[in-house]
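In: What shape does this take:
(2 chains)
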There are 2 protein chains.
Amino acid sequence: MPERLITEADLDDIAVGAAILGTGGGGDPHIGRLLAHAAVRAHGPVRLVGLDTVPDDAVTMVVAMMGAPTVMLEKVPSAEQASRAVEALAAYLGRTPTHLACAEAGGVNALVPVVAAAQLGLPLIDADGMGRAFPELQMVMPTLYGIGATPMSIADEKGNSGVFATIDNHWAERLARSATIDMGCSAMISLFPMNGEQARKALVPGTLSLCAELGRLVREERAAHRDPVAAVTERLGGVELFHGKVVDVSRRTEGGFARGEAVLDGLGGCTGERMELRFQNENLVAERDGTVVASVPDLICVLDAEAGTAITTETLRYGQRVRVIAAPCDPRWHTPEGIELVGPRYFGYDHDPVRVGMGVGA
Amino acid sequence: MPERLITEADLDDIAVGAAILGTGGGGDPHIGRLLAHAAVRAHGPVRLVGLDTVPDDAVTMVVAMMGAPTVMLEKVPSAEQASRAVEALAAYLGRTPTHLACAEAGGVNALVPVVAAAQLGLPLIDADGMGRAFPELQMVMPTLYGIGATPMSIADEKGNSGVFATIDNHWAERLARSATIDMGCSAMISLFPMNGEQARKALVPGTLSLCAELGRLVREERAAHRDPVAAVTERLGGVELFHGKVVDVSRRTEGGFARGEAVLDGLGGCTGERMELRFQNENLVAERDGTVVASVPDLICVLDAEAGTAITTETLRYGQRVRVIAAPCDPRWHTPEGIELVGPRYFGYDHDPVRVGMGVGA
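Out: As a prediction, the model looks like this:
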């Protein structure tokens, strides 16, 4: 991919696309969009560079929001918070970052790095650590490649910060999660410092461009009175699982996460009578008429039935007409190591993953 | 005070004295004594220098164990853990420490700095941050002087570490306490980096010497078949509050602390019928026959009735014959700011401090 610029005009498309890839989580992209608009307006467009162009000696740092998205709706991050996380990590390492990257292509975390890149004048890599969103920080491709999440930094909006160096990425998640909870269930982190060779190998390429493309697709299909849900499903190589109405949502902020379940009743058509969705920030499992029809690590996206825009797990509510689609994840998540890290059993579900178009255990 | 050396022969006296000043908390000095013996044997004696000799341009760092002492009895710290905490702070600051200091003169935390000083070849200041022990990290004299606890480091025995920079010392306590709990309720920390001028002003002088002196007093009085409890009480300018038998102990590990109550029945004499002791790591309040007779910030020490050695709150048990003494704390704790930080109301008791020999609110 040639280098391109992310301008204010691109941000709304990226936000719409990132909400879709966020699979219900990753934080409300609206907050990220507001922060990104302000940062790009103040500091100018952000250079988006292809993953394959990152040189070996690059110093890349991932930057993200950590915590319960539900909380961020009320406790809005401070403007400089993401940059402060990057600066804290850079100071600890004694190295100046050359590139920033996204931890996840989902929700606010597709836009938080745009904010930091604009403020710090750094290029942003067109890639992310997942190709979607996941709720815990070790759940990124670099973990599969044995790359450490730490040294990592954490910063709150009040001026508190910390740096962790841990023996593995599960310990990084554990310590950073507790700090996030102390900081009010929402914090900015910078982590997975990598050189260019590591980044090229361990990130998922093209995902910010994909966000922008999905956002544009939704916008254009709506303008043309076509079916944006069908267009998004096709672009992602996915399947439509259900068309229904939200009849029950149970949601709790627990251990720093937004956990819960939603129940949908079928709206005619032939997709089924009832669907249950289970989530921990992100949608994890979709069960249709008593059978699991999709699960992590594949993507389960709840879209507005007409508009095609994503509905996050924290904004799901009674009466919404939605269509649920599933789409394949990066195939590396379906390796035994990937399934161990992000499969249904990790999240406490006693079944193998159900892969898009393949059934249980595929 | 002229410089002196802490040799292996001194460690047992320091441990006995530190257990007394630990007012029931500060961790079991037995563990600290074992670690200190090993470190001094391996690296040679530790130079103990007077607080008034610390030069203005000194780089002093406090080092301590944080957590529930009860846990440390089973999860023994690693030999290098305290040194790793100091090194993590030094690396973060980019400064080489010239002196180490004790956070508290109580229990294991009088000896942890001896371990680190021996391993790192640094002089130890004959002083501490409290003149006793307290359960939370902001409860030190430097907080009263506006000196920041952070940057501070934390290290566990597995190889995980972290550094925090916070907006105040209560935030340092909060973040470090969560990390301590994650790390298994016991961790090593290095904090309150100070120059010599700050250290001379904000530390309590002479407390390690006092520990050694108290330990020697107990040893010599016992050898001479005199009364070590009376000798310790006199040396500390305190009063004996109660002589009794432990009839009930309720203890729980809660929020990273050892919290609980003990009930004593009077053993003849004229000190009273019944005493209730309330503690959070340290003894906080002593109530005799329904009246509070001593409280933080003054020292409440439970001593073996015959041997004069201290009984920590985690080793209190049914049937022990004990004498409870109270002794005055550093007078700076009795200022309004001191009482706000460490007085009974901070710990949730709805009464003013009861000062040794002065009654309520004195």
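In: Okay, now the unreliable bits of the stretch 201-350 of chain A?
Out: A:256, A:269 (pLDDT under 70).
In: residues in chain A within reach of chain B, list them.
Out: Within reach of chain B by C-beta under 8 Å from any C-beta of the partner chain, chain A has these residues: A:88, A:92, A:158-167, A:171, A:174-175, A:178-179, A:181-183. To be clear about C-beta, it is placed using only N, CA and C from the backbone, and glycine gets the same treatment.
In: Report the outermost residue of chain A with respect to its centre.
Out: residue A:268 (31.6 Å; C-alpha atoms, centre = their mean).
In: need the contact list for it.
Out: For residue A:268, the contacting residues are residue A:243, by C-beta atoms under 8 Å, 6 or more residues apart in numbering or on different chains.
In: That one belongs to a helix?
Out: No - under DSSP: H, G, I helix; E, B strand; the rest coil, residue A:268 sits outside any helix and is assigned coil.
In: Can you tell me how far it is from residue B:10?
Out: For residue A:268, the distance to residue B:10 (C-beta to C-beta, to the nearest Å) stands at 86 Å.
In: do the same with residue A:354
Out: From residue A:354 to residue B:10 the distance is 67 Å (C-beta to C-beta).
In: Residue A:96 now?
Out: 49 Å.
In: mind listing what the residue in the stretch 1-150 of chain A positioned nearest to chain B touches?
Out: As assessed by C-beta to the nearest C-beta, chain B sits closest to residue A:92 within the stretch 1-150 of chain A, at 6.8 Å. The contact partners of residue A:92, by C-beta under 8 Å, 6+ apart, come to A:151, A:153, A:163, B:92, B:163.
In: can you count the residues close to the nearest residue to residue A:139 once chain neighbours are set aside?
Out: Leaving aside its chain neighbours, residue A:139 sits nearest to residue A:342 (5.0 Å; criterion: C-beta to C-beta, 6 or more residues apart in numbering or on different chains). Neighbour count for residue A:342, taken as other C-beta atoms under 10 Å in any protein chain shown: 27.
In: Could you give the separation of the longest helix seen in chain A from the chain centroid?
Out: Ranked by residue count under DSSP state H, the longest helix found in chain A is helix A:207-223. The chain centroid and the centroid of helix A:207-223 are separated by 16 Å under C-alpha atoms, centre = their mean, to the nearest Å.
In: CA atoms of stretch A:286-306 as PDB?
Out: Extracted in PDB, the C-alpha atoms of stretch A:286-306 (Å, rounded to 0.1, in the frame of the first residue of the first chain):
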ATOM      1  CA  ALA A 286     -24.000 -16.500  19.100                       C
ATOM      2  CA  GLU A 287     -26.500 -19.300  19.800                       C
ATOM      3  CA  ARG A 288     -29.500 -19.600  17.400                       C
ATOM      4  CA  ASP A 289     -32.500 -21.700  18.500                       C
ATOM      5  CA  GLY A 290     -30.300 -23.600  21.000                       C
ATOM      6  CA  THR A 291     -27.300 -24.200  18.700                       C
ATOM      7  CA  VAL A 292     -24.100 -22.300  18.800                       C
ATOM      8  CA  VAL A 293     -23.700 -20.900  15.200                       C
ATOM      9  CA  ALA A 294     -20.700 -18.700  15.700                       C
ATOM     10  CA  SER A 295     -18.000 -18.000  18.300                       C
ATOM     11  CA  VAL A 296     -14.700 -16.400  18.900                       C
ATOM     12  CA  PRO A 297     -12.200 -16.100  17.400                       C
ATOM     13  CA  ASP A 298     -14.500 -15.400  14.300                       C
ATOM     14  CA  LEU A 299     -16.200 -12.000  14.200                       C
ATOM     15  CA  ILE A 300     -19.800 -11.700  15.400                       C
ATOM     16  CA  CYS A 301     -21.200  -8.300  14.500                       C
ATOM     17  CA  VAL A 302     -24.600  -6.800  15.400                       C
ATOM     18  CA  LEU A 303     -25.600  -4.300  12.800                       C
ATOM     19  CA  ASP A 304     -28.600  -2.000  12.600                       C
ATOM     20  CA  ALA A 305     -31.000  -3.900  10.300                       C
ATOM     21  CA  GLU A 306     -31.500  -0.900   7.900                       C
END
